[in-house]
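# 3D model of this:
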Amino acid sequence: MRNINKDNRHFIGSKRLDRRRFLQFLVLSGAVVGCRRVDPTALIGTPTALSATLMLDLRYMLENAAVDYGPHPRGCDVTSIRGSVRDADGSPASGITVHVWPDDVSRTITLSTDESGYYSCDVASSTTSDAFHIQLTDQTGTTLYSEVIVVQAAAHCDLNLMTVNFVAMQ
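Okay, here's the model as predicted:
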């Protein structure tokens, strides 16, 4: 049992505790969770220090809502993803960043479209049945130009080259 006297001291059994020790006892015993008032700006700094903002500017979509599969010219020793990015008038979109990754995002491949709007990357050193994700962004990676397109590879020598073309939205 605890009693509180007039000078705000607490008694547990026959020991006298000051307020700080009493709260420490409660926290350590699990009776309460320690709380204190914290200035939010001390935790996050100034708003200009935050730079993890992604912007949506969905400009491109999968052409014909389809992925084309075919045999790779180098045979069964590789699986590749290639494609093009075109504006609404059919002009190539150069300098668009293309991110390609399997389910393991630590293996992300990042490349840019060339002056003809083309990109190409090897994603496996043999045939595979893994799924790969593709997304277009600006050069800094902070503005998303497309939704994530998931492409399922086929572990067959006649289907180990996947062509994923993007066109500008109308």
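
# what's the spacing between the nearest residue to L62 once chain neighbours are set aside and C76?
Leaving aside its chain neighbours, L62 sits nearest to I149 (5.4 Å; criterion: Cβ to Cβ, 6 or more residues apart in numbering). Quick note: C-beta positions are derived from backbone N, CA and C, even for glycine. Between I149 and C76 the distance is 25 Å, computed by Cβ to Cβ, to the nearest Å.

# Tell me which of the two has more neighbours.
I149 (19 against 14; other Cβ atoms under 10 Å).

# Beta-bridge partners for that one, please?
I149 has the following beta-bridge partners by DSSP bridges: I134.

# Now do it against H133, distance only.
Distance, I149 to H133, by Cβ to Cβ: 7 Å.

# Test my guess that V85 contacts F166.
Yes - V85 lies in contact with F166 (Cβ atoms under 8 Å); the separation is 4.6 Å.

# what touches both of the two?
Common contact partners of V85 and F166 (Cβ atoms under 8 Å, 6 or more residues apart in numbering): 60, 136.

# what about stretch 83-93, average pLDDT?
For stretch 83-93, mean pLDDT is 95.

# What residues of it count as buried?
For stretch 83-93, the buried set under the neighbour-count rule, 16 or more other Cβ atoms under 10 Å, comprises 83-86, 92-93.

# Nearest to P71 among those residues?
Ranked by distance to P71 (Cβ to Cβ), the buried residues of stretch 83-93 are led by G83 at 16.6 Å.

# so what does the strand or helix carrying that closest one touch, helix or strand wise?
Using DSSP states H and E, G83 maps to strand 79-86. If you count contacts as 3 or more Cβ pairs under 8 Å, 6 or more residues apart in numbering; DSSP states H and E, strand 79-86 packs onto strand 118-124, strand 131-137, strand 161-163, strand 166-168.

# can you tell which of the ones you listed is closest to P71?
Once the helices and strands packed on strand 79-86 are compared by Cβ to Cβ, strand 161-163 is nearest, at 6.4 Å.

# Report all helices and strands that the closest one contacts.
Where contact means 3+ Cβ pairs under 8 Å, 6+ apart, strand 161-163 is packed against strand 68-70, strand 79-86.
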